[in-house]
Every structure is written in C-alpha cells, then in structure tokens.
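Q: Give the three-dimensional model of this entry:
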Amino acid sequence: MSDKPQRPLATEAMENHVRKVFPIDMAPEIFAARDGYGWLNFTFNDYSYRDAQLEAWIHKVGSIIRDPEQLAACQRKHLNPAELAAMRKYAEDDLEEEDE
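A: Take a look at the predicted model:
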C-alpha cells in the first residue's frame, strides 16, 4: 500500500496550463522563495499529474508554500537582503489591506 495521497488527475488542459504558468526548470525552493507568498491559495498540488517532473515540482512548491516556517527558511536562503526586505514589505502591505 502506498503512502502517497490519492488526488484527482489534472486534465490535460490544466497540466498544459501549469507548464506555461510555472517555471519548472527552476528549483522549487527558489520559486517558492521568490513567488510563494503570492500563491497562498495554491491549489495546484491538490491534483496528480501525468508528467513525473511536473508532479514532483508542484507538490514540492505546494508543501513549501503551505508551511510558513519552510517558506521563511527558503526566503532567507535564496533571497538577497533587498529582496527579503521587499518581500516583508509586500507581506506587511497585504496584512494592512486585510485590516481595512
């Protein structure tokens, strides 16, 4: 028996869309560090994909994005100080908008 969660299979159209939207040639940790905060409602990892590379990449990104500590660790590792400050400002601005 597999420990792998059962997920619905993405349609071919969705899989093609995901390939166009996401830079799967970039390390998942780097993508999550740079763009993860903007994908907090990331649902692409709710599906399985026919392409094993895409499957692994999407699920790794999803696991990082959904774990605030892991996302913060990736940001500290892969962003320079200016990028990290900009990311923090973006997050603060986002929280301020929610409070309004």
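Q: what about the chain, any weak spots by pLDDT?
A: Along the chain, segments meeting pLDDT under 70 span 1-5, 40, 94-100.
Q: Pull the contacting residues for the residue nearest to the spatial centre of it.
A: By CA atoms, centre = their mean, the chain has its centre lying nearest to residue 61, at 3.8 Å. Residues in contact with residue 61 (CB atoms under 8 Å, 6 or more residues apart in numbering) are 22, 28, 31, 32, 36, 39, 42, 44, 45. Any C-beta I mention is one placed from the backbone N, CA and C, and that applies to glycine too.
Q: repeat that for 7 Å
A: 28, 31, 32 (CB atoms under 7 Å, 6 or more residues apart in numbering).
Q: count of residues packed around residue 88?
A: Look at residue 88: counted by other CB atoms under 10 Å, it has 13 neighbours.
Q: now it: how far from residue 82?
A: 11 Å (CB to CB, to the nearest Å).
Q: for residue 34, same thing?
A: From residue 34 to residue 82 the distance is 13 Å (CB to CB).
Q: Of these two, which one has the most company?
A: Shown here are residue 34 and residue 82; by other CB under 10 Å, residue 34 has more neighbours (17 against 8).
Q: what separates the more buried one from residue 86, distance-wise?
A: Going from residue 34 to residue 86 by CB to CB gives 10 Å.
Q: now do residue 24
A: The value you get for residue 24 to residue 86, if CB to CB is used, is 24 Å.
Q: who has more neighbours, these two?
A: residue 24 (17 against 12).
Q: for residue 61, helix, strand, or coil?
A: State at residue 61, reduced to three classes by DSSP: H, G, I helix; E, B strand; the rest coil: helix.
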